[in-house]
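>>> okay, sequence plus prediction incoming.
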Amino acid sequence: MATAILAVGVFSAAFLVHLAWWRIALPRRQTAALLGLFFGVLVAWLAVSHLLPGRWFAAADRWQAIHVAIFHTACTLAYVVAYSALEHRSPSMTLLVAVADSKGAGCTHDELHGLLAGASPVEVRLDAMVHEGMIRRDGDGYRLAAKGRAWAAVLSTWRQLLGMPRGG
């Protein structure tokens, strides 16, 4: 039980720093900032645990530190994936929030359809990828940037290892 409380505490500390940072100013590259922040907190906690053993906030031994690190890594990666859905509101999220904001009155089909009429999820995603340096605009089209090529190679290799067919 102590390991679970410690693991939740380390993750919660990173999450609270994330909330404070985002309230002050949104970073330009939010996903990279999240990964850096959450893994930075983990590394700092591991260092403090090593340098100050026996404290209430430190790992009791290496196995407890490993368990906390595995938990923290899993939660961090899950949160980053979930955050990407919140970062740029998905069509489903937009509809859900609109119905929730109606305070029980509900929304008509036309009202909901109007919410998404001007929004293109593809455009939002393309703009985000340009912003992150994954792709670049080239005239009327888009081309992979070096970062995008690297990720495409990783994902393509991963798909091959899983025996998945080529394509999307």
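Thanks, I have it.

>>> roughly how far apart are A20 and L37?
A20 sits 10 Å away from L37, taking Cβ to Cβ, to the nearest Å as the criterion. For glycine as for every other residue, the C-beta is placed from the backbone atoms N, C-alpha and C.

>>> what does G114 give?
Taken as Cβ to Cβ, the span from G114 to L37 is 38 Å.

>>> what about those two, which has more around it?
L37 (18 against 12; other Cβ atoms under 10 Å).

>>> not counting sequence-adjacent ones, nearest residue to that one?
Once flanking residues are discounted, L37 sits nearest to H18: 5.8 Å by Cβ to Cβ, 6 or more residues apart in numbering.

>>> contacts for the helix or strand that neighbour falls within, please.
H18 is part of helix 2-24 when elements are defined by DSSP states H and E. With Cβ atoms under 8 Å, 6 or more residues apart in numbering as the test, helix 2-24 has contacts from 27, 33-34, 37-38, 41-42, 45, 57, 59-60, 64, 67-68, 71-72, 75-76, 79.

>>> now the buried members of the residues you listed.
Among the contacts of helix 2-24, those classed as buried by neighbour count (16 or more other Cβ atoms under 10 Å) are 34, 37-38, 41-42, 45, 59, 64, 68, 71-72, 75-76, 79.

>>> now the strands: where do they sit in this protein?
In the chain, the segments counted as strands under DSSP state E are 135-138, 141-144.

>>> in TSV, list these along with mean pLDDT and distance to T157.
Formatted as TSV, these follow (pLDDT from 0 to 100; distance: least, Cβ to Cβ, whole Å):
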stretch	mean pLDDT	distance to T157
strand 135-138	89	19
strand 141-144	90	16
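
>>> adding distance to V97 and mean neighbour count, write those out as JSON lines.
Converted to JSON lines, these look like this (distance: least, Cβ to Cβ, whole Å; neighbours: other Cβ atoms under 10 Å):
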{"stretch": "strand 135-138", "distance to V97": "28", "mean neighbour count": "13"}
{"stretch": "strand 141-144", "distance to V97": "29", "mean neighbour count": "12"}
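
>>> appreciated, that's everything.
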